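Participant: what follows is a predicted protein model with its sequence.
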Amino acid sequence: MRLIGIATQRRSAEGGLFLGLVGAYMEALAAQGLAYVLVPPQGEAALERLLRHLDGILLPGGGDVDPGLYGEEPLPELGEVDPERDGLEVFLARYAAEKGLPLLGVCRGVQVLNVALGGSLHQDLGRAGFALQHYQKSPPAWGALAHRVELTGESPLTALFPPSFRVNSYHHQGVKALGRGLRPAAFSPDGLVEAVFLGGHPLYLGVQWHPELLRAHWPLFGLLRRA
């Protein structure tokens, strides 16, 4: 059984671990025949030792990415940032890209992997002029959908989804300039990049929606088993 590392963050002064929607991610991975372990922030030497024993990485959803990582100053709409979590996830994303370790990024995760490879983000989609409601009003819940996405060209998604399908949406940031080697795999109707992948990599994929809350989308996590 393949072992997947799920990035976590420390949220309290006492060092307690936090992972949003933790049960949904774990259930989705288990349903695809995958085991998992939580990976909290720690030194790079310790991370490298740990990563040698993993078969893949999951970067989950969460808060905003520090715009300083892509050379921008913070706008008023920027939410809470967590430098420790940013450091962990950027390290994991770069390691996975360099070593060929399968990686799946969800919501914040696609933004992190893009920044890790030199890309940038829209700090706020409303300010950037995107027309759709990318942070839907319904709270994160099973099966709640927001808008459509359209696949573009061949990618790891084309074997799983039709050319056009609906997704959920709980984010106010998004991919702007693509990182090195990344290709778009899907767009929303208003032109926002909704999925990216790294060509020539066993699996380096990020999606802007939350497949862990959509059982019909759980085969996305199964890509970590087949890569």
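Facilitator: Thanks, I have it. Numbering: from 1, shown residues only.
Participant: which residue ranges form the helices in this structure?
Facilitator: 22-31, 44-51, 83-99, 108-116, 125-128, 219-226 (DSSP state H).
Participant: now do the last one and helix 22-31, the angle between them.
Facilitator: With axes from the mean of the first three to the mean of the last three CA atoms, to 10 degrees applied, the angle from helix 219-226 to helix 22-31 works out at 50 degrees.
Participant: nearest spatial neighbour of residue 198, skipping sequence neighbours?
Facilitator: Using CB to CB, 6 or more residues apart in numbering and skipping residues adjacent in sequence, the residue nearest residue 198 is residue 204, 3.6 Å away. Using the backbone N, CA and C atoms, a C-beta is placed for each residue, glycine as well.
Participant: for stretch 116-136, what is the average pLDDT?
Facilitator: Across stretch 116-136, the average pLDDT comes to 97.
Participant: and stretch 64-79, by the same measure?
Facilitator: On average, stretch 64-79 scores 98.
Participant: now do stretch 215-227
Facilitator: 96.
Participant: repeat that for stretch 168-182.
Facilitator: Mean predicted lDDT for stretch 168-182 stands at 98.
Participant: using PDB, write out every CA atom in that stretch.
Facilitator: Only the C-alpha atoms of stretch 168-182 are listed here, as PDB (Å, rounded to 0.1, in the frame of the first residue of the first chain):
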ATOM      1  CA  ASN A 168     -17.100  23.500  -5.800                       C
ATOM      2  CA  SER A 169     -15.200  26.700  -5.100                       C
ATOM      3  CA  TYR A 170     -13.900  28.100  -1.800                       C
ATOM      4  CA  HIS A 171     -11.000  30.500  -2.600                       C
ATOM      5  CA  HIS A 172     -10.400  34.200  -3.300                       C
ATOM      6  CA  GLN A 173      -6.800  33.800  -4.700                       C
ATOM      7  CA  GLY A 174      -5.700  32.000  -7.900                       C
ATOM      8  CA  VAL A 175      -3.000  31.300 -10.300                       C
ATOM      9  CA  LYS A 176      -1.700  34.300 -12.300                       C
ATOM     10  CA  ALA A 177       1.700  33.600 -14.000                       C
ATOM     11  CA  LEU A 178       2.400  29.900 -14.400                       C
ATOM     12  CA  GLY A 179       5.500  28.500 -12.700                       C
ATOM     13  CA  ARG A 180       8.400  26.900 -14.700                       C
ATOM     14  CA  GLY A 181       7.300  24.000 -16.800                       C
ATOM     15  CA  LEU A 182       3.600  24.100 -15.600                       C
END
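Participant: flag every buried residue along it.
Facilitator: 168-176, 178-179, 182 (16 or more other CB atoms under 10 Å).
Participant: before we move on, what about stretch 80-91?
Facilitator: For stretch 80-91, using 16+ other CB under 10 Å, the buried residues are 82, 85-86, 88-91.
Participant: how far off centre is that stretch?
Facilitator: Mean-position distance between stretch 80-91 and its chain equals 13 Å (CA atoms, centre = their mean, to the nearest Å).
Participant: just the strands in the chain please.
Facilitator: 3-7, 9-10, 17-18, 35-39, 56-59, 103-106, 121-122, 147-151, 164-167, 174-175, 182-187, 193-198, 204-207 (DSSP state E).
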